[in-house]
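Undergrad: Got a predicted structure here, sequence first:
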Amino acid sequence: MLAVPFLMACAPGAAPRTDAGAADAERLAARNALMNPAPLGKEYTVSDPSAFKEIVLGGGCFWCLEAVYELVPGVADVENGYSGGSRAKPSYEEVSTGLTGHAEVVKIRYDPAVVTLERLLEIFWTVHDPTTEDRQGADVGEQYRSIAFFADEDERRAIEASIREARKRFRDPIVTQVEALKAYWPAEAYHQDYFRKNPEQGYCRVVIAPKVDKFRIMK
């Protein structure tokens, strides 16, 4: 896969960025040109980066969600991180104990003129199992729980509406938590763009690659 430049991680605990600037727009255009030469069946035009939005989602190992959302036209950046707990600046080792309250999450920065929040959530229900509590496959623990964070009431309503729609697709109850985003902490540098950098690693081939293939089919 061709390498695509990605945005730098934001400062720990910082609020969602609003100063994306021209570089942000250029990265989004480059990503879309590589991943989908003609998104939505027409030439892609970058809108005002200041209008870009962010959503934080957790659905098991963050490497899995990151690998999928990096392929979505209209997504400018995907960053792996931690949220939902009380410990400030947690490390991967601390989160992995399951004692921090944090979940592994991705922060998705996207252009709403190209991809809607509803579409991002539809992908979320497709590439992870929201009916298993504190677990995705062999990954077990509170840090792997299904969770969606909202920054405002519009996002909360959109998430809850998406859950109601998604319930029609699952036999078992959806256990996804819905919480206000209070703090977000970026993961260590070696976790970023993990699948793209390590496609032959065992976990990537056995666990992540099938999720990516599933997304390509639904796309």
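TA: Cool, the structure landed.
Undergrad: okay, how far is it across stretch 193-211, tip to tip?
TA: Stretch 193-211 has an end-to-end distance of 15 Å (criterion: Cα to Cα, to the nearest Å).
Undergrad: And stretch 140-155, by the same measure?
TA: 28 Å.
Undergrad: can you check stretch 121-139 too?
TA: Span of stretch 121-139 from end to end, Cα to Cα: 21 Å.
Undergrad: Check which residues of it are buried.
TA: 121-125, 127-132, 135-136, 139 (16 or more other Cβ atoms under 10 Å). From N, CA and C alone the C-beta is placed, and that goes for glycine too.
Undergrad: quick check: mean pLDDT across that stretch?
TA: On average, the pLDDT along stretch 121-139 is 96.
Undergrad: Name the residue closest to the centre of the chain, please.
TA: Central residue of the chain (Cα atoms, centre = their mean): residue 106, 3.7 Å from the mean position.
Undergrad: which residues touch that one?
TA: Contacts for residue 106 (Cβ atoms under 8 Å, 6 or more residues apart in numbering) come out as 56, 57, 58, 62, 65, 66, 69, 78, 79, 80, 81.
Undergrad: So in terms of bridging, what pairs with the first one?
TA: If I follow you right, that is residue 56. residue 107, residue 149 (DSSP bridges).
Undergrad: which one of the contacts of residue 106 is nearest residue 87?
TA: residue 81 (13.1 Å; Cβ to Cβ).
Undergrad: Go ahead and confirm that closest one touches residue 189.
TA: No: counting by Cβ atoms under 8 Å, residue 81 sits too far from residue 189 to count as a contact (11.8 Å).
Undergrad: the more surrounded of the two?
TA: residue 81 (25 against 10; other Cβ atoms under 10 Å).
Undergrad: Report whether the more buried one is found in a helix, as I expect.
TA: No: assessed with DSSP: H, G, I helix; E, B strand; the rest coil, residue 81 is strand; it does not lie in a helix.
Undergrad: State the distance from it to residue 99.
TA: 18 Å (Cβ to Cβ, to the nearest Å).
Undergrad: do the same with residue 198
TA: 27 Å.
Undergrad: circling back to that earlier point, looking at the buried residues of stretch 121-139, spot the one nearest residue 212.
TA: Closest to residue 212, out of all of the buried residues of stretch 121-139 and judged by Cβ to Cβ, is residue 127, at 8.5 Å.
Undergrad: who's in contact with that closest one?
TA: 59, 64, 65, 68, 211, 214, 215.
Undergrad: Inside helices: which ones of the residues you listed?
TA: Members of the contacts of residue 127 lying in helices (criterion: DSSP state H): 64, 65, 68, 211, 214, 215.
Undergrad: So which of those residues sits lowest on pLDDT?
TA: Scoring these by pLDDT puts residue 214 last, at 82.
Undergrad: Number of residues surrounding that one?
TA: So residue 214, with other Cβ under 10 Å, has 14 neighbours.
Undergrad: so which of the ones in helices among the contacts of residue 127 would you say is closest to residue 85?
TA: Nearest member of those to residue 85, counting by Cβ to Cβ, is residue 65, at 18.0 Å.
Undergrad: Can you tell me how far the residue nearest to that closest one when sequence neighbours are not counted is from residue 177?
TA: Using Cβ to Cβ, 6 or more residues apart in numbering and skipping the chain neighbours, the partner closest in space to residue 65 is residue 106 (4.5 Å). According to Cβ to Cβ, residue 106 stands 15 Å off from residue 177.
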